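[1] Structure for this input, please:
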Amino acid sequence: MKRYPYGFSAGALTLMLVTASATVEAEAAPGEQNEAANCALIRDGIQRLACYDAQNDPIAARKTADDDTLQQAHEEAAIPVADARREQIVNDALGDDPDTGLVAALVDSYLTAEKAIFSFSGSFVTHRPNYILPITYVDDPNPRPVSPRLGTAGYDFGLEEEEAKYQISFKIPLLTGIFDDRTTFWFGYTQQSYWQVYNTKDSSPFRETNYEPEIFFRHRLDWDLGPGTLSAVSLGFNHQSNGQSEPRSRSWNRIMGTAAYSYDRWLFMVNPWFRLSESGSDDDNSDIEKYLGHGSYHAVYKLTEDRTFSLKLLNNMRSTNRTSVEFGYSFPMGDTLKGFFQYYNGYGESLIDYNERIERFGVGIMLNNWF
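    The predicted model follows:
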């Protein structure tokens, strides 16, 4: 699974935390704001209400909850608010000590808050990076994609060199605390679309959309290993397809794993996969591993709190030595938005062009980062 421990996406996480706590803080007295924000992060609904009652009407609270329940509620409220925790971590790491383990601390902070946020909101949380690139440029778009079984296909419209690209990604925990409170069973979904928005003469069609649902176990480790930390591992089933009919249909199923290792400002991820075989009559892209290989390799570097570099590599591990690279850079753009630059050169950016080398530049907005 391409990433990380899955879903390191602090931008959207921070937004959810701020939104959740702001509603409570707006009604609280200045001295009570921190306590109200902590109440919002209590996982158990009864304990969360007891926490609020204890603040707003201590006498009524004592009538409706015993001392043990209130004590447990206040212990649960000790979960740190992500904004303050992230600020403290980053400020410490940007000081004189270069070995503070910035990324490991941020990853740990995110994973801790992730569970509390879902418990509070009951909705999905972010998975992979979410971004919008309103303008991308491909020097030589592929007008006739090819499949070994289906042959050559064309589009019902001409291709423009400029198009928009965006990615939406989220996940929902299906089971938590399976073996212990560090193991979670997730459903994840990622959608990546390529939109010929500037092709107005052909009604701005969507050229390609890739749908990627998956289920996976993620186990949080926090193991000190060498100079860094083995943060988490995951294993699951991944399906990816473009939802098109023949002859432009593409799809494959994989068993995928992830190991995430953090050191100082770096996060390294190895994502091996094993493709599940299909019958020849159903396999639209039987040679996809000859182009994409058996895994992807990621490196993320936290330059500052709001500036992040990312690099993804793929190689087919064959004598043909087909290598693909994706480079990303997110940067501040005003007080609330982050700009995003992306460069891709290689195979497999989209399923329809898995066997065609594509070079793309894009600029847009990062909605949430890796962590």
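[2] so N130 makes contact with Y189?
    No - applying C-beta atoms under 8 Å as the test, N130 and Y189 come out as separate, 11.6 Å apart. Where C-beta positions appear, they are placed from N, C-alpha and C, glycine not excepted.
[3] shared neighbours, those two?
    Taking C-beta atoms under 8 Å, 6 or more residues apart in numbering as the criterion, N130 and Y189 both touch S169.
[4] more crowded one of the two?
    Per other C-beta atoms under 10 Å, whichever of N130 and Y189 has more neighbours is N130, with 20 against 16.
[5] Kindly provide the distance from that one to T229.
    26 Å (C-beta to C-beta, to the nearest Å).
[6] Strands along the stretch 251-371 of the chain, start to end?
    Per DSSP state E, counting those that start in this stretch, the stretch 251-371 of the chain carries strands over the ranges 251-263, 266-275, 295-304, 307-315, 323-333, 337-346, 358-368.
[7] Let me see the contact set for the closest residue to A299 other than its chain neighbours.
    Nearest residue to A299, sequence neighbours excluded (C-beta to C-beta, 6 or more residues apart in numbering): L311, at 4.7 Å. Listed by C-beta under 8 Å, 6+ apart, the contact set of L311 reads 298-300, 325-328.
[8] Buried ones among those?
    298, 300, 326, 328 (16 or more other C-beta atoms under 10 Å).
[9] nearest to F206, of those?
    F206 has its nearest neighbour among the buried ones among the contacts of L311 in E326, at 21.1 Å by C-beta to C-beta.
[10] Do I have it right that the closest one meets G348?
    No - assessed by C-beta under 8 Å, E326 is found out of contact with G348, at 9.7 Å.
[11] hang on, the earlier thing: which two of the contacts of L311 have the greatest separation?
    V300 and V325 (14.4 Å).
[12] mind giving me TSV with the contacts of L311 and columns for distance to W370?
    Putting the contacts of L311 into TSV (distance: C-beta to C-beta, whole Å) gives the following:
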residue	distance to W370
H298	9
A299	11
V300	5
V325	17
E326	13
F327	14
G328	9
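[13] Quick check: A104 vs I135, distance?
    For A104 relative to I135 (C-beta to C-beta), the value is 36 Å.
[14] Compare those two and say which is more crowded by neighbours.
    Legend: neighbour count by other C-beta under 10 Å for A104 and I135, higher for A104 (24 against 14).
[15] secondary structure element for that one?
    Counting by DSSP states H and E, the element that carries A104 is helix 102-121.
[16] The very next helix or strand once past that helix: partners in the sheet, and parallel or antiparallel?
    Next in sequence after helix 102-121, counting helices and strands by DSSP H and E, comes strand 125-126. Looking at strand 125-126 with DSSP bridges, its partner strands are strand 162-176 (antiparallel).
[17] how big is the angle separating the partner strand from strand 358-368?
    Strand 162-176 runs at 50 degrees relative to strand 358-368, counting by axes from the mean of the first three to the mean of the last three C-alpha atoms, to 10 degrees.
[18] So which other helices or strands are in contact with the very next helix or strand once past strand 162-176?
    For strand 162-176, the following helix or strand on the C-terminal side (DSSP H and E) is strand 183-195. Other elements packing on strand 183-195 under the criterion 3 or more C-beta pairs under 8 Å, 6 or more residues apart in numbering; DSSP states H and E are strand 162-176, strand 206-225.
[19] F206: what's it in contact with?
    The contact partners of F206, taken as C-beta under 8 Å, 6+ apart, are 193-196.
[20] I352 contacts N242, correct?
    Yes - when contacts are counted by C-beta under 8 Å, I352 is listed as touching N242 (5.9 Å).
[21] These two: who's more crowded?
    For I352 versus N242, neighbours defined as other C-beta under 10 Å are more numerous around I352 (24 against 18).
[22] any idea how far the residue nearest to A299 lies from I358?
    17 Å.
[23] go on, S231?
    Counting by C-beta to C-beta - S231 and I358 are separated by 32 Å.
[24] Which one of those two is surrounded by more residues?
    S231 (27 against 19).
[25] before we move on, back to that, now for the contacts of F206: which two are most distant?
    Farthest apart among the contacts of F206 by C-beta to C-beta are S193 and Q196. That separation is 10.6 Å.
[26] Look at K171 and say how many residues are nearby.
    25.
[27] i'd like the first residue to be 4 from this point on
    Okay, using 4 as the starting number, the last item reads as K174.
[28] Next, the contact list for it, please.
    Applying C-beta under 8 Å, 6+ apart, the residues near K174 are 9-10, 127-130, 189-192.
[29] One more: E249?
    So E249 contacts 153, 287 (C-beta under 8 Å, 6+ apart).
[30] What separation is there between it and D159?
    Noted for E249: a distance of 14 Å to D159, by C-beta to C-beta.
[31] now swap in V141 and tell me
    V141 is 19 Å from D159, by C-beta to C-beta.
[32] Please say which of those two ends up with more neighbours.
    Neighbour tally, V141 and D159, criterion other C-beta under 10 Å: the higher count belongs to V141, 21 against 6.
[33] quick revisit: S196 and Q199: who's more crowded?
    Set side by side, S196 and Q199 show more neighbours around Q199, with 22 against 17, by other C-beta under 10 Å.
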